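**Q** sequence and predicted model, in that order:
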Amino acid sequence: MSDYKELEDALSLVKTLCTTEQIQVLLRTRKGQENVRITAETKDELVDRNLRQAVEANAIEVEKVFDLIRSSEENGNQHIFYYKPKSKAIADALTLESIAKQLWGAKWKETVDGFPAIRLKPNDYRYSDFRQHPTKSKDWILKIYGHTLLTRFTGKIEQRGDNIFWKEYIEEPLRIVLLARWNSIGLLEIRVQRNESRGRIDSWQNKVWEMLSPALVRRQFDPWELKKPIAQLITKQSGNEKVYSFRDVDVIDTSGVHASFKTYEDNGNLFTSMETRESIQSYLGANSDCSGLAVTWLPQSTGTPQKELRTLLAAKERHEMIAVAHCSSKDLDYVTDQLRRFNKGAS
Amino acid sequence: MSRINFDALIREHPKSKLTLSKLADWMRRHEDIQVIYPSVLRRELPDIESVELAKALLLLEKAGILRRVYKVEDHGVLADAEFDDPRDIPEKLPGRGAGYFETADSEVVSVFRKVA
């Protein structure tokens, strides 16, 4: 488990990533115990005094702090690229132990027991975590932290003479969180955080593959394209109004003509318009290609999803989903399960 | 939606009685909606002039029934992000598609959240 110095980094991360409410929820799990204070004047005090004291007194396990970090940064506000292993033999080989041995050698257990590693390496990447899924014993999660400096124009321009001017740029650090999640039902997810640069997103995906090798390599997998789930989601929406709604979709007909359907409001429902519904179904019926489907998954009585969860399917790559906002791991797994269900043609 | 709030408002602003009454009915029929879009109201209450609707929404805001928040248009449709203060809008925002868009030349639109 992490040493004292890593705990400092972990608490600093909690301060950055987590809300006051999330931190207090954790403290309340040990309410009434010695060294556990729930309230504080400021968030800084809540973390630097309350949470630190509770952890140092072992009233709260440091693992719970790591869980708080995981829940804040591992699910949502991401691009998720789906892949399927090319054979059952490849899938069967993707056990946690097998992957760990290939990444870290014979002493892999020592390395894995030392995770999570919180501290960033300047201008570099490091393995941060590798663990079994908490409820699905054959699933695993690999997390990679990265750090880079981005150059940004501040907007300041100074005239320094005739025809000469200076523009001010600053370098700002960017913290990068990348994941590989193996679903033992046969689906690999490469998750990268959202960013304004598509180039960065692509390079981050490549970095995950690079850091997964030699345990597994890209050519062992095929992209799991979302074409069929998209078509099924559209076709079967009328029986599933309580499960999801749509907002946007792009179509390309067989002649190569592009059409886009979008609601004005960001919370709009495309199929409230009868003419839009009929148009899109007509495109589908004529074998047009649909992409960029914005699906809003509605809260369910089971509590999963907890709240509306918006996803964008195949906007850029056919096997890519964007989870627009942060969410819980259960909610994101729910969406993946639904996509698998609709891929099979479920009603 | 409390009838009392609207009745008091209508008494204070009799010139807006018709608009406030129609708005109150609409809000009662859509009790589960937490964010009210003026664009939706213009479609669903076409008999109310835009100016009267804007005045009524302002009255509801001043009465503490609604809270104004701001959204940005991404090539003619509203992006997901929401802001309490338009000065908090960054230079770039995630768009409705896969990428980001520059906000400098985008329209900023008011929408209204129900106050709990």
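**A** Received it, and whenever you're ready, just let me know what you need.
**Q** just the C-alphas of whichever strand in chain A runs longest, formatted as PDB.
**A** Ranked by number of residues, the top strand in chain A under DSSP state E is strand A:140-161. What follows is strand A:140-161, C-alpha atoms only, in PDB (Å, rounded to 0.1, in the frame of the first residue of the first chain):
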ATOM      1  CA  TRP A 140      -9.900  -6.200 -14.700                       C
ATOM      2  CA  ILE A 141      -9.000  -2.500 -14.900                       C
ATOM      3  CA  LEU A 142      -5.600  -1.000 -15.900                       C
ATOM      4  CA  LYS A 143      -5.100   2.700 -15.200                       C
ATOM      5  CA  ILE A 144      -2.400   4.900 -16.600                       C
ATOM      6  CA  TYR A 145      -1.500   8.400 -15.500                       C
ATOM      7  CA  GLY A 146       0.200  10.800 -17.700                       C
ATOM      8  CA  HIS A 147       1.400  14.400 -17.600                       C
ATOM      9  CA  THR A 148       2.200  16.900 -20.200                       C
ATOM     10  CA  LEU A 149       2.500  20.600 -20.700                       C
ATOM     11  CA  LEU A 150       0.200  22.500 -23.000                       C
ATOM     12  CA  THR A 151       1.100  25.900 -24.500                       C
ATOM     13  CA  ARG A 152      -1.800  28.400 -24.400                       C
ATOM     14  CA  PHE A 153      -2.000  31.900 -25.700                       C
ATOM     15  CA  THR A 154      -3.100  34.200 -22.800                       C
ATOM     16  CA  GLY A 155      -4.600  36.800 -25.100                       C
ATOM     17  CA  LYS A 156      -2.000  39.400 -24.200                       C
ATOM     18  CA  ILE A 157      -0.400  41.200 -27.200                       C
ATOM     19  CA  GLU A 158       2.100  44.000 -26.800                       C
ATOM     20  CA  GLN A 159       3.300  46.300 -29.500                       C
ATOM     21  CA  ARG A 160       7.000  46.500 -29.300                       C
ATOM     22  CA  GLY A 161       7.800  48.800 -32.200                       C
END
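**Q** all helices of chain B, in order?
**A** Under the criterion DSSP state H, helices of chain B are mapped to B:3-12, B:17-29, B:38-44, B:50-62.
**Q** tell me which of those lies nearest to chain A.
**A** Closest approach to chain A among those (Cβ to the nearest Cβ): helix B:38-44, 5.6 Å. Every C-beta, even on glycine, is put in place using the N, C-alpha and C of the backbone.
**Q** follow-up on the earlier one: in a markdown table, list the helices of chain B along with mean pLDDT and mean neighbour count.
**A** Shown next, in a markdown table, are the helices of chain B (pLDDT from 0 to 100; neighbours: other Cβ atoms under 10 Å in any protein chain shown):
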| stretch | mean pLDDT | mean neighbour count |
| --- | --- | --- |
| helix B:3-12 | 81 | 14 |
| helix B:17-29 | 94 | 17 |
| helix B:38-44 | 95 | 15 |
| helix B:50-62 | 95 | 17 |
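**Q** can you list the ones you listed in TSV and add distance to A:T154?
**A** Below are these laid out as TSV (distance: least, Cβ to Cβ, whole Å):
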stretch	distance to A:T154
helix B:3-12	46
helix B:17-29	45
helix B:38-44	35
helix B:50-62	35
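**Q** got CSV for the ones you listed, with distance to chain A too?
**A** Shown next, in CSV, are the helices of chain B (distance: least, Cβ to the nearest Cβ, whole Å):
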stretch, distance to chain A
helix B:3-12, 24
helix B:17-29, 15
helix B:38-44, 6
helix B:50-62, 15
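**Q** same question for stretch A:272-280: list its buried residues.
**A** When burial is assessed from 16 or more other Cβ atoms under 10 Å in any protein chain shown, stretch A:272-280 yields the following buried residues: A:276-277, A:280.
**Q** what do you get for stretch A:178-192?
**A** Buried-residue list, stretch A:178-192, by 16+ other Cβ under 10 Å: A:178-184, A:187-192.
**Q** next, the angle helix B:50-62 makes with the longest strand seen in chain B.
**A** In chain B, with assignment by DSSP E, the single longest strand is strand B:66-74. Calculated by axes from the mean of the first three to the mean of the last three Cα atoms, to 10 degrees, strand B:66-74 forms an angle of 130 degrees with helix B:50-62.
**Q** just the buried residues of stretch A:272-280: which are in helices?
**A** A:276-277, A:280.
**Q** from those residues, pick the one nearest chain B.
**A** Using Cβ to the nearest Cβ, these come closest to chain B at A:T276, 13.7 Å.
**Q** residues in contact with the closest one?
**A** A:261, A:270 (Cβ atoms under 8 Å, 6 or more residues apart in numbering or on different chains).
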